[in-house]
Each structure stands twice: as C-alpha cells, then as structure tokens.
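K.L.:
Predicted model and sequence follow; I will ask about them next.
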Amino acid sequence: MEKVVSLDLKIFEKNFPKEWINELANSYSNFILQYGKSFSLANFHQSPGSWGSSPLNPSVNDLYLDKQISDYFERLLYLSNILILNYVLENLEKFQKLNFFDFGCGFGLLSIFLKKIGIKCYNYDNFRTIPSSLIKEDLFYKDYQVIGPSDVIPDNSIDVFACSGITPPIDTTKKFPKFMENNFKYLMLDSMCFSGNRGGPFFDLRLEIDFLNPWNKTDNTKNWGLADYFKDYKNYEMVEDNKRTLIIFKNKIFK
C-alpha cells in the first residue's frame, strides 16, 4: 500500500550515517532510562517513531511513511520531525545559516540531527512531559554539542519556528508577545496537532482549508488559524504541505 507521504531514504543515508544513528540511539536509551517512567508521555519519548502503535494499530509514523524510513532512524524521530529534516535537506543551502526554534522540543532529538548538518536549534519546552529543567545539564547534550531543553524564551534572533507533535497554546501570543511578533523566515507546523487541538479539522484531504485566517469557532472546517499566533501571518505563503501532515510556510519577504 502506498503511503501518504513519499520520501527518499537516500537523502537521509547520505547525511546521517547509520553507524552514527545507532550510536545516538544507544546513548539516548541510556540517557532516558535514568528517568524511568516518572514523567508524562514516557512511552512517547522512549520511542517517538513508534508512538500510537498497538497490537491492532500501526504507529502514526507507519500510517504516513514507509516503515523503512522510521526504522532507519531507529524510531528516534516522530513523523513531523522526519518531514522537517527532509525539507531542510532538500533545501540545505537556504537553511544552513538559519537558527531554528523547536517549540515543545521534548528531549531535543531534532536539534541533534540539525546539529549534525551544521544547523543551530534552540530547544524550548515547558517541562510538562519531561522530567525537569536539570536535564539540560546532562552530558548527553554536551556529547552532541547541543544545549538541552529550556523553559526560557530566547532573546536572540530566530529564523525558523518549528512545532512538532504539539500545538502552541492559544495564549502563546499573549504570554510571549515580543517573541511571537518575530519576522520568522519559515514556519514548520504539525498540522495534525495545530488545528485539531482547537476543535478544527484534524486531517482530511477532502477539506478545502484557509490556512491563514483566524480560526472560526462557528465554522471550524474552513479556517486553520495561522493568524491566531503570528502577527504578520499575511506575509506567509505555503511552500509544502506534506499531504497536510507538516505544513511549511515561507515569509514572502525572505528571498
């Protein structure tokens, strides 16, 4: 059966050697085991690429991707993070000097893969589903030369706003007005969480959706709601929808 999203494994093999991934998988397993199951969504974080699987149902990854893609990553990455890496690798020259911000980063695995291809990523999390802010001091992050998760919004310039497996709370703009008014060059948003979490469409290829305008509570099948979060939403144009799994917008003023 053909999967919803078709990716070429070769682009990942070229940039992330299997030996490196296996080493990372072992290090991550040892790192996360020290916390046991003492935190929310422990099952997700132990194997993001297997999330949602059961004896009767495949994982979210396997619903949309060829199984060999997630297996190559040793199930370290959730669907939308794989799609982020795929788009970045296909457009590497554009992203090489851009700074990423991963909203709801969890344990920050995406940042490690981005670091491998020379891209900086700021890990932000509110620590509701991971143990404590102390984890950012763990040697695991130092070994891979990334900074662990933080619950502090950065002051420095951010070019790419990424959100995978989670929806920014609707009050994010009120809590962090200055940050959310940033003129981000790209937005990479997990569609399956972004609109569904507010009663909007979860995932339906049949629906015609206005992705930019504010979400309309009385007609939640048409508006996706980018305007609810980003002040300059009219400056964005969609450049990739990945069959509506991960939606990528580009700021039109960014060449």
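P.N.:
Great, that's in hand.
K.L.:
if I've got this straight, Ile158 is in a strand?
P.N.:
No - membership of Ile158 in a strand is not supported by DSSP: H, G, I helix; E, B strand; the rest coil, which gives coil.
K.L.:
ok, now which ones touch it?
P.N.:
Counting by CB atoms under 8 Å, 6 or more residues apart in numbering, Ile158 makes contact with 99-101, 122, 179, 182, 184. All C-beta atoms are positioned from the backbone trio N, CA, C, and that covers glycine.
K.L.:
Distance-wise, check it relative to Lys115.
P.N.:
Distance of Ile158 to Lys115, given as CB to CB, to the nearest Å: 16 Å.
K.L.:
where do the helices sit along this structure?
P.N.:
9-15, 18-33, 42-46, 60-64, 67-72, 79-90, 92-95, 109-116, 139-143, 172-175, 177-180, 191-194 (DSSP state H).
K.L.:
mind checking which of these is nearest Lys231?
P.N.:
Comparison of the helices of the chain against Lys231 by CB to CB identifies helix 177-180 as nearest, at 7.0 Å.
K.L.:
same for the closest one, what does it pack against?
P.N.:
Applying 3 or more CB pairs under 8 Å, 6 or more residues apart in numbering; DSSP states H and E, we find helix 177-180 packed against no helix or strand.
K.L.:
Mind listing residues that contact it?
P.N.:
Counting by CB under 8 Å, 6+ apart, 153-154, 158, 172-173, 229-231 sit against helix 177-180.
K.L.:
For the contacts of Ile158, which entry has the maximal number of neighbours?
P.N.:
Using other CB atoms under 10 Å as the neighbour test, those are led by Phe184, with 25 neighbours.
K.L.:
Report the contact partners of it.
P.N.:
158-161, 230, 251.
K.L.:
again, only using 10 Å
P.N.:
98, 101, 157-162, 230, 232, 235-236, 249-251, 254 (CB atoms under 10 Å, 6 or more residues apart in numbering).
K.L.:
so of those, which ones are in strands?
P.N.:
Mapping these onto strands (DSSP state E) picks out 101, 160-162, 236, 249-251.
K.L.:
quick one: which of those is nearest to Ile84?
P.N.:
Nearest member of the ones in strands among the contacts of Phe184 to Ile84, counting by CB to CB, is Ala162, at 5.9 Å.
K.L.:
Who does the closest one form a beta bridge with?
P.N.:
Going by DSSP bridges, Ala162 is paired in beta bridges with Asp102, Met188.
K.L.:
my guess is it meets Phe95, correct?
P.N.:
No - taking CB atoms under 10 Å as the definition, Ala162 is not a contact partner of Phe95, at 11.1 Å.
K.L.:
what touches both of the two?
P.N.:
Counting by CB under 10 Å, 6+ apart, the residues touching both Ala162 and Phe95 are 88, 114, 186.
K.L.:
what would those residues look like in JSON lines with pLDDT, neighbour count and distance to Asn43?
P.N.:
Below are these laid out as JSON lines (pLDDT from 0 to 100; neighbours: other CB atoms under 10 Å; distance: CB to CB, whole Å):
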{"residue": "Val88", "pLDDT": "98", "neighbour count": "24", "distance to Asn43": "28"}
{"residue": "Leu114", "pLDDT": "98", "neighbour count": "25", "distance to Asn43": "25"}
{"residue": "Tyr186", "pLDDT": "97", "neighbour count": "24", "distance to Asn43": "31"}
